[in-house]
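*Asks:* Dropping the sequence and predicted coords here.
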Amino acid sequence: MKPERMRQLLDAVASGSTSVESAMQSLRGFPAESIEENGQTVVRLDTQREMRHGFPEVIFGQGKRFEHLKAATERALSHEGGVLVTRVGRKKGEALAAANPGLTYHQAARCLYRRDPERIDEGLVAVISAGASDFGVAEEAACTARTLGARVETHYDSGVAGLHRILSAGELLRTARAFVVVAGMEGALPSVVGGLVNRPVIAVPTSQGYGASFGGLSALLGMLNSCASNVTTVNIDNGFGAGYVAALINRQA
């Protein structure tokens, strides 16, 4: 439930224009709403999340059975505001989008989303990737930040093997409030960007690279050891986490 909606409801009860019984009915799924199967709770939605965080609970789709994911998504859509479901494969994503008008599936980002119509794009988050192989993780970050209300611009395939490519993002480097920088291999690009800008840089290591990259571990360790003091790091392939934090930074700015 949105904070402003809760405030309106409490004001209505205080003024007598809404009965306590009616207010209780409006709050029947607050602060958590359970979805059951055969008498057992299989999904528990946090309907108080937006009051605490400014955005509803995000549903992690990976590993969920389709019927559980469908039920959770449809229950989330029954509430007002934005909806975001991450790590959803193409078959499940297209089926859920087809069954729920207003829900969009982004195949590259593996995200299902509904933008809150009351949110207005504001500020600027830059999402930068080192290589074209990092596209999916970068798009997950961009999709997340946009769904949370940030204006997002991207600058992809700008790795350190051709350093001039990142320098061509001059205006974006000067104006963004927060940067998400996605890289595999040795993970050097976030440090380069961190040395060029005076804003927070969120580094995202990806699992792209040859054998000695150990599925993104070498990029993760390189980013954790960055000498650029404005760089912080999320987990391997965690575009969602980076996009979410960047959107929060953008909102505070």
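*Replies:* Done, it's in.

*Asks:* quick one, phi/psi of Ser17?
*Replies:* phi -80, psi -10 (degrees, to the nearest 10).

*Asks:* Spit out the contact partners of it.
*Replies:* Applying CB atoms under 8 Å, 6 or more residues apart in numbering to Ser17 gives no contacts. For glycine as for every other residue, the C-beta is placed from the backbone atoms N, C-alpha and C.

*Asks:* so how far is Arg7 from it?
*Replies:* With distances taken as CB to CB, to the nearest Å, Ser17 is found 14 Å from Arg7.

*Asks:* Phe60 now?
*Replies:* When CB to CB is the yardstick, Phe60 and Arg7 sit 30 Å from each other.

*Asks:* Equivalent analysis for Gly195, please.
*Replies:* Counting by CB to CB - Gly195 and Arg7 are separated by 45 Å.

*Asks:* These two: which has the busier surroundings?
*Replies:* Set Gly195 next to Arg7 and count neighbours by other CB atoms under 10 Å: Gly195 wins out with 14 against 11.

*Asks:* does that one belong to a helix or a strand, and which?
*Replies:* For Gly195, the host element (DSSP states H and E) is helix 189-196.

*Asks:* helices or strands next to the helix or strand just after that helix in the packing?
*Replies:* Remark: after helix 189-196, the chain's next helix or strand is strand 201-205, criterion DSSP H and E. On a contact count with 3 or more CB pairs under 8 Å, 6 or more residues apart in numbering; DSSP states H and E, strand 201-205 meets helix 135-147, strand 178-183, helix 189-196, helix 217-224, strand 231-233, helix 239-252.

*Asks:* repeat that for 6 Å
*Replies:* strand 178-183, helix 189-196, helix 217-224, strand 231-233, helix 239-252 (3 or more CB pairs under 6 Å, 6 or more residues apart in numbering; DSSP states H and E).

*Asks:* For the first one, give me every contacting residue.
*Replies:* Spelled out, that is strand 178-183. Applying CB atoms under 6 Å, 6 or more residues apart in numbering, the contact partners of strand 178-183 are 125-130, 134, 137-138, 141, 189-190, 193, 199-204, 242, 246, 249-250.

*Asks:* measure Ser226 to Ala138 for me?
*Replies:* Following CB to CB, the distance that separates Ser226 from Ala138 is 18 Å.

*Asks:* can you check Glu33 too?
*Replies:* For Glu33, the distance to Ala138 - CB to CB - is 33 Å.

*Asks:* do the same with Arg165
*Replies:* Arg165 sits at a distance of 14 Å from Ala138 (criterion: CB to CB).

*Asks:* Could you do Glu37 as well?
*Replies:* For Glu37 relative to Ala138 (CB to CB), the value is 36 Å.

*Asks:* Equivalent analysis for Ala71, please.
*Replies:* In this structure, Ala71 and Ala138 are 30 Å apart, going by CB to CB.

*Asks:* For these two, indicate the residue with more neighbours.
*Replies:* More crowded of Ala71 and Ala138, by other CB under 10 Å: Ala138, with 30 against 18.

*Asks:* May I ask you to confirm that that one is in contact with Val127?
*Replies:* Yes: under the criterion of CB atoms under 6 Å, Ala138 makes contact with Val127 at 5.4 Å.

*Asks:* which residue packs closest to Val83, ignoring adjacent ones?
*Replies:* Arg114 (4.2 Å; CB to CB, 6 or more residues apart in numbering).

*Asks:* the bottom helix or strand of the chain by mean pLDDT?
*Replies:* Least confident helix or strand of the chain, by mean pLDDT, DSSP states H and E, is helix 20-26 with a mean of 65.

*Asks:* Tell me where this structure is predicted with low confidence.
*Replies:* Low-confidence segments of the chain (pLDDT under 70): 1-6, 8-9, 13, 20, 23-32, 34-36, 42, 47-48.

*Asks:* Good, we can wrap up now.
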